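Visitor: no sequence on this one, just coordinates:
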């Protein structure tokens, strides 16, 4: 009888009270300003979008910061629930589930030094130049796919330093991320010595990746994120977040 009474009482508890014990979604991400940043809270556009998408559905996003390649490996084995933002690719689909609604859209272009002979129209043209790439980034996968050799670096700042020093002829980067990085880390003279190619390497949507090893949990989290993102889009919140950075 006591057990039966307890069941009835639990059923009568308002859902809002039960929802107060919110589930935590664990994320592992690196720094990719202005979209993600370990140290600068003003450079977390993608983090804010994802956190608010989960929050509107009653979940809490808990973020750990590590190098991107380490995050990818950790999420793959299920140490974390999610990582973002990542572009869709065939190789990642072997180990990860992607959500369906894009978090951000990015344009990747080659940066090179003013006065350089660098130019390209098709991927085979790139074989004539020394190309830089950041380990774990999508452009490295692209270059590998088309058998274009490149000089690796551990992060984007190191890659741009290689470009300025003349160790590489060109380096591909997200146009918004590159602009921010150049403004913050290099002198006006150095910044003016760099230019972006007019032809994009790719224009691509970025999503969240979730471990296949977590099975249904990953599918459920991806679905929850998509619902939250759609709600934010309908309310104009995502556009508002991105416009804040453009001011």
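Guide: Done, it's in. On a predicted model such as this, the values are computed, not experimentally measured, just so you know.
Visitor: Now do the domain split for this protein, please.
Guide: In terms of domains, the chain is parsed into 21-104+206-246, 106-204 (source: automatic domain parsing).
Visitor: Mean neighbour count and mean pLDDT added to these, as TSV?
Guide: From N, CA and C alone the C-beta is placed, and that goes for glycine too. Below are these laid out as TSV (neighbours: other Cβ atoms under 10 Å; pLDDT from 0 to 100):
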stretch	mean neighbour count	mean pLDDT
domain 21-104+206-246	18	94
domain 106-204	17	95
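Visitor: Name the strands paired with the biggest strand by length in the chain and say parallel or antiparallel.
Guide: In the chain, assigned by DSSP state E, the strand with the most residues is strand 194-211. Strands that pair with strand 194-211, judged by DSSP bridges, come out as strand 83-87 (antiparallel), strand 96-98 (antiparallel), strand 104-113 (antiparallel).
Visitor: In JSON lines: the ones you listed, plus distance to residue 77.
Guide: Formatted as JSON lines, the strands paired with strand 194-211 follow (distance: least, Cβ to Cβ, whole Å):
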{"stretch": "strand 83-87", "distance to residue 77": "12"}
{"stretch": "strand 96-98", "distance to residue 77": "11"}
{"stretch": "strand 104-113", "distance to residue 77": "26"}
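Visitor: among those, which is nearest residue 210?
Guide: Each of the strands paired with strand 194-211 has some distance to residue 210 by Cβ to Cβ; the shortest is strand 96-98, at 4.5 Å.
Visitor: what about the helices in this structure?
Guide: Here the chain has its helices, by DSSP state H, at 2-12, 15-18, 45-55, 68-76, 138-145, 156-165, 175-185, 188-192, 216-235, 237-246.
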